[in-house]
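Trainee: build the 3D model from these lines:
(one chain, ligands or ions: 2)
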Amino acid sequence: MEEIVSKKRMLSGIKPSGDLTLGSYLGAVKNWAERADQYECFYFMADLHAITVRQNPADLRRRTLEQLAQYIACGLDPEKNTLFIQSHIHQHAELGWILDCYSMFGELSRMTQFKDKSAKNEENINAGLFTYPSLMAADILLYQPDLVPVGEDQKQHVELTHVIARRFNGIYGEVFKIPEPFVPKVGARIMSLTNPTAKMSKSENEDTGRVLLMDPPEVIMKQFKRAITDSDTENCVRYDKVNKPGVANLMTIYSAVTGKTYEEIENEFIGCGYGKFKPMVGEAVVEHLRPIREEAQRLMKDKAYLESVYRDGAEKASYVAEKTLRKVYKKVGFVAK
Ligand code: ATP
Ligand code: LTN
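Mentor: Ligands and ions are numbered 1, 2, ... in the order given. Okay, here's the model as predicted:
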């Protein structure tokens, strides 16, 4: 039956380690939703990955469901997309272990995310944090996708997935499809509003210039009004990533939510200082996120519906995942049950 499906396949996930930010939305989810008709899509809540950093169990459970509600509210229709919870598909952990045995210590040591997270969590540099990319490779390779849409920071992990898949295929034949990362042209790396040289991140604390998908309008407006612009005397809206990173970041956000080009934005704000520009960006973000927030709030009240979505998703996902895993087990030489 599966052979009838001729659409290309797309897969991605986000770990429920915090509430989704404007960064994860513009860098990832927005691009997923825009391609649901062209691809056969699989999207999941990467809860196995979330525990590489210590989580409060009740918060993790709540955030996983909230994330599902937010995926749907962002336009991922469960009728067209397979939405599931990573830990429901035991094949991820199983293939993850196998791929650990085909991932090299040196390769994993070079991962930027590992270096960053270990510097930030010196008291908990656990083995899971280190082998995170082989589990991520398993997440991807189980579903044989053509495309993996992620933000800039995750591109390195998708590239390592290539290396691992090629190594495995080199030994056992064509078991895994080699997927391509898809990184959007605008919005692949949204920076903190108060520190435009650091990525906007969901696990940072509230005062670090992040905007959450579910933030109410007044909070979003406050964050944009206090956004750091640049200390140049020009006070003019012009795209210059090197010399004006704060303004460039705001222009990227404005462009991503309005669809306007940088040139159109520069023309729109001729003669306006940063003081006028910042609240305009805030308002555009508020209006863009309003329907998403309202729909997510509505869905969060309907636990039975969310449960039916992740159960259906798990059924579809496990069918595909099991097929790949069975092939892998056979290839490596495990005795069939
Ligand atoms: P954490 O702080 O827990 O590591 P995060 O905020 O960095 O989380 P991820 O869960 O790592 O977010 O990322 C989810 C998806 O969103 C990934 O595809 C990632 O590349 C993308 N993404 C995250 N932050 C940004 C950002 N600031 N700009 C663009 N894309 C982003
Ligand atoms: N590491 C990703 C989340 C993630 C993922 C994946 C993304 C886990 N497994 C597979 C794409 C494909 C992150 O957002 N930090």
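Trainee: flag the shaky bits of the stretch 201-337 of the chain, pLDDT-wise.
Mentor: Across the stretch 201-337 of the chain, the ranges flagged by pLDDT under 70 are 205-207, 233.
Trainee: residue boundaries of the helices in it?
Mentor: Counting by DSSP state H, counting those that start in this stretch, the stretch 201-337 of the chain has helices at residues 217-225, 245-258, 262-268, 274-300, 303-332.
Trainee: what's the fourth one packed up against?
Mentor: This means helix 274-300. On a contact count with 3 or more CB pairs under 8 Å, 6 or more residues apart in numbering; DSSP states H and E, helix 274-300 meets helix 57-73, helix 217-225, helix 245-258, helix 303-332. C-beta here means a position set from N, CA and C on the backbone, and glycine is covered the same way.
Trainee: please point out which parts of the longest one sit buried.
Mentor: Residues 306, 309-310, 313-314, 317-318, 320-321, 324-325, 328-329 are the ones in helix 303-332 that count as buried (16 or more other CB atoms under 10 Å).
Trainee: do stretch 63-82 as well
Mentor: 63-76, 78, 81-82.
Trainee: now distance to Asn126 too, for the buried residues of helix 303-332, in CSV please.
Mentor: Supplementary listing: the buried residues of helix 303-332 in CSV, determined by distance: CB to CB, whole Å:
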residue, distance to Asn126
Leu306, 30
Val309, 31
Tyr310, 27
Gly313, 28
Ala314, 27
Ala317, 26
Ser318, 27
Val320, 30
Ala321, 25
Thr324, 27
Leu325, 25
Val328, 25
Tyr329, 27
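Trainee: report the two of those separated the most.
Mentor: Leu306 and Tyr329 (32.6 Å; CB to CB).
Trainee: skipping its backbone neighbours, what lies nearest the closest residue to ligand 1 within the stretch 101-250 of the chain in space?
Mentor: Nearest residue of the stretch 101-250 of the chain to ligand 1 (CB to the nearest ligand atom) works out as Gly151 at 2.4 Å. The shortest distance from Gly151 to any non-neighbouring residue, by CB to CB, 6 or more residues apart in numbering, is to Gly27 (3.0 Å).
Trainee: try Cys272
Mentor: Val237 (6.5 Å).
Trainee: so what's Asn31 up against?
Mentor: Pro149, Phe182, Pro184, Gly187 (CB atoms under 8 Å, 6 or more residues apart in numbering).
Trainee: so is the host helix or strand of it next to ligand 1?
Mentor: Under the criterion of DSSP states H and E, Asn31 resides in helix 30-33. No. Using CB under 6 Å from any ligand atom, helix 30-33 never reaches ligand 1; the gap is at least 9.2 Å.
Trainee: and that helix, does that touch ligand 2?
Mentor: No. Shown here: helix 30-33 not in contact with ligand 2 (CB under 6 Å from any ligand atom), separated by at least 10.2 Å.
Trainee: and that helix, how far out from the chain middle?
Mentor: From the chain centre to the centre of helix 30-33 is a distance of 10 Å (CA atoms, centre = their mean, to the nearest Å).
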